[in-house]
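*Asks:* Sequence first, then the predicted structure:
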There are 2 protein chains.
Amino acid sequence: MVTIADVARAAGVSISTVSYVMSGKRTISQETRDRVAQAIADLEYSPHASARSLASRSTNVIGLQAPLRAGVDVHVVMQIVGGIVTEARSLQYDILLLSSDDAAGLSHAARASMVDALLVMDVESDDPRIKTLEGLDVPSVLIGLPAGADGLVCVDFDFEAAGRLAAQRLAALGHRRIALFGAPAEVLERHTSYADRLVRGFLSACDEVGIVGSVHACPTGADSTRVVDAVLAAEPGLSGILIHNEGALGHVAAHLATSPHELDLIALCPAEMAQTTAGLADSIAIPAEGIGAAAADALRALLAGEQRDKVVLLPPVLASAGA
Amino acid sequence: MVTIADVARAAGVSISTVSYVMSGKRTISQETRDRVAQAIADLEYSPHASARSLASRSTNVIGLQAPLRAGVDVHVVMQIVGGIVTEARSLQYDILLLSSDDAAGLSHAARASMVDALLVMDVESDDPRIKTLEGLDVPSVLIGLPAGADGLVCVDFDFEAAGRLAAQRLAALGHRRIALFGAPAEVLERHTSYADRLVRGFLSACDEVGIVGSVHACPTGADSTRVVDAVLAAEPGLSGILIHNEGALGHVAAHLATSPHELDLIALCPAEMAQTTAGLADSIAIPAEGIGAAAADALRALLAGEQRDKVVLLPPVLASAGA
DNA sequence: GTGAAAGCGCTAACAA
DNA sequence: TTGTTAGCGCTTTCAC
């Protein structure tokens, strides 16, 4: 193993000089700097991460709790994690995947000084982790917007604005009666924050523009088409649909394409998914990677002591499908 | 911050006694052990991870390179990672998500002593990471079976056996002409190891049982149905299909359900996905979590110095769909 | 502009 | 059965 002492010896300087060349916290003559840099390159030296963090009292690691056994939106979770990792890397942070999903996992990582900060996905309202996070001495950011997390920094997609946007768009297309097909019933019933916000935006925009909107839980997979058919039968005149369900989108889109009903379908999903789905009128992209990147950046700001908004909501953007 | 010295003081013992109580590497009287345990609990002490790994020269961290921007099988990747994390946790290991996907990322993590071992997914034949891994002083396990990785431990699903099993099953169902719809063309053309192995197993079993098999690339999404229709038109008498494409499965299954052709469809996909897909004759489950767990366990064996097979292949299991 | 040396919190000899 | 202490490799005062 190559240590800082090896580098110092090779460059003919003291170890503190090597350290200062790497950190830039001291002015070093150009000549010395070059010699040290050369020695580092020659020896393929990488500072021992643990030694460094023991001495510097910081790890350059972010702890991440991600829902790996996710129900619905696997693609979204993966893309968010991808965004986090990419952004974190550019900020010189590594990501430690926390293996337990509970509050104890968070406080353990913090107490063991394994991480400089914590990033937590999939937090629900009344989640015990909220109180735990507030009591820890490492900063944290939530991805999502659970009720009761007032003290914490939250980053999320603006589902309410997305619901509103979709309703307005469908109204502009001339529809007078529209429906939202969302998450499976079990998710809706938990009153997951994002689902509630989407519904709220959708219905309030319907009110505002004076059209009729309804909301329906939607199972994953092929069953979804049955639910859609039932709603279409029960609501004559229904002609515009917003769908937010990764596992149902493909089936519903394909089903409606062969249906006698004349209607417009807007999907709320990652952009890539909209592109491979035929039969969409429009789509609203969930900027999943952007959410991850924004969360990592919010953490950077916290760590740097910058003052920022507690809540960061990424705005929805309407896209022509297939374009 | 609570240190081992605080615990020692509270328990009225020396710090080494505390250390030995935690590691169990020394026999300690029951009484002392209890006092120390009590102090640890009272103070909510967690050993400083960096200090520990600096002194013990091991991190209890596994570095993982996972394809986050995956093309096809997001579900599979997520489940594998879930399996890794779960198993690693039970082995007292944490997972560090390596942020760069290249060889340099691997050697950096190793040289910086950030990890005790490396787990690498999505390695292709002739991947430069293979040589890098072989030169590293930390043990590693690949998930996949790339050509040229003879020196390394590899864990994967037995795609060849799966292809063989599917063909045999379709033959047993009475089909004389069957087809495999696999990955998108760009994946097949890269000669990704798993795709090649699946094809080999499928075709060789066709030969053995004396039926005709053909293999076709399959695009993701709704386009897939067009390809299937074209093949059905071109191959009269085709009546059995094996499909291995997460993004196409739903569309193809739905499409065939409404088709005039009388045929059996076998899906190769995670069990959960088969369950939500209607119209399958059978399915062969990809035990994604099991792969992750097996990989983590292979790493544990390596770390423990156990002698094991270089290649671990998880066998396919035929399941009645919808059952 | 550079060096020497005191820790960071822990593990594991070495001693008793 | 327990305590004392020398490192692990680095950062950062303090000294020049």
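*Replies:* Cool, the structure landed.
*Asks:* distance of the nearest residue to A:T3 once chain neighbours are set aside from B:S113?
*Replies:* Distances taken as C-beta to C-beta, 6 or more residues apart in numbering or on different chains put A:H48 closest to A:T3, at 7.2 Å, once the chain neighbours are dropped. In this view, the C-beta of every residue, glycine as well, is placed from N, C-alpha and C. Noted for A:H48: a distance of 5 Å to B:S113, by C-beta to C-beta, to the nearest Å.
*Asks:* right, and A:I286 touches A:D156 too?
*Replies:* No: taking contact to mean C-beta atoms under 8 Å, the distance of 10.3 Å between A:I286 and A:D156 leaves them out of contact.
*Asks:* Compare those two (neighbour count), which wins?
*Replies:* Relative neighbour count places A:I286 above the other of A:I286 and A:D156, with 28 against 20, counting by other C-beta atoms under 10 Å in any protein chain shown.
*Asks:* Flag every residue of chain A that's near DNA strand D.
*Replies:* By C-beta under 7 Å from any atom of the strand, the part of chain A that sits against DNA strand D consists of A:1, A:3-5, A:15-16, A:19-20, A:22-23, A:25, A:45, A:47-48, A:51-52, A:54-56.
*Asks:* Which members of those are positioned in helices?
*Replies:* The helices, defined by DSSP state H, take in A:4-5, A:15-16, A:19-20, A:22-23, A:51-52, A:54-56 from these.
*Asks:* Now restrict these to buried residues only.
*Replies:* A:I4, A:S19, A:Y20, A:M22, A:A51, A:R52, A:L54 (16 or more other C-beta atoms under 10 Å in any protein chain shown).
*Asks:* Just flag the most distant two among those.
*Replies:* Of all pairs drawn from those, the widest gap by C-beta to C-beta lies between A:Y20 and A:L54 and measures 18.4 Å.
*Asks:* A:H75: what's it in contact with?
*Replies:* The contact partners of A:H75, by C-beta atoms under 8 Å, 6 or more residues apart in numbering or on different chains, come to A:E246, A:C269, A:P270, A:E272, A:M273, A:A288, B:V74.
*Asks:* rewinding a little: tell me which of the buried ones among the ones in helices among the residues of chain A next to DNA strand D is nearest to B:V228?
*Replies:* Checking those one by one against B:V228 (C-beta to C-beta), the nearest turns out to be A:R52, at 55.9 Å.
*Asks:* What separation is there between the closest one and A:K310?
*Replies:* Here the distance between A:R52 and A:K310 works out to 32 Å (C-beta to C-beta).
*Asks:* Find the nearest non-adjacent residue to A:F181, please.
*Replies:* The spatial neighbour of A:F181 that comes closest, neighbours along the chain excluded (C-beta to C-beta, 6+ apart), is A:C218 at 4.2 Å.
*Asks:* ok, the one you found - contacts?
*Replies:* A:F181, A:G182, A:A183, A:P184, A:S224, A:V227, A:V228, A:I243, A:N245, A:A248, A:V252.
*Asks:* please redo it, this time with the cut-off set to 7 Å
*Replies:* Applying C-beta atoms under 7 Å, 6 or more residues apart in numbering or on different chains, one finds that A:C218 lies in contact with A:F181, A:G182, A:P184, A:S224, A:V227, A:N245, A:A248.
*Asks:* from memory A:V74 sits against B:V77, does it?
*Replies:* No: in terms of C-beta atoms under 7 Å, A:V74 does not count as a neighbour of B:V77; the distance is 8.8 Å.
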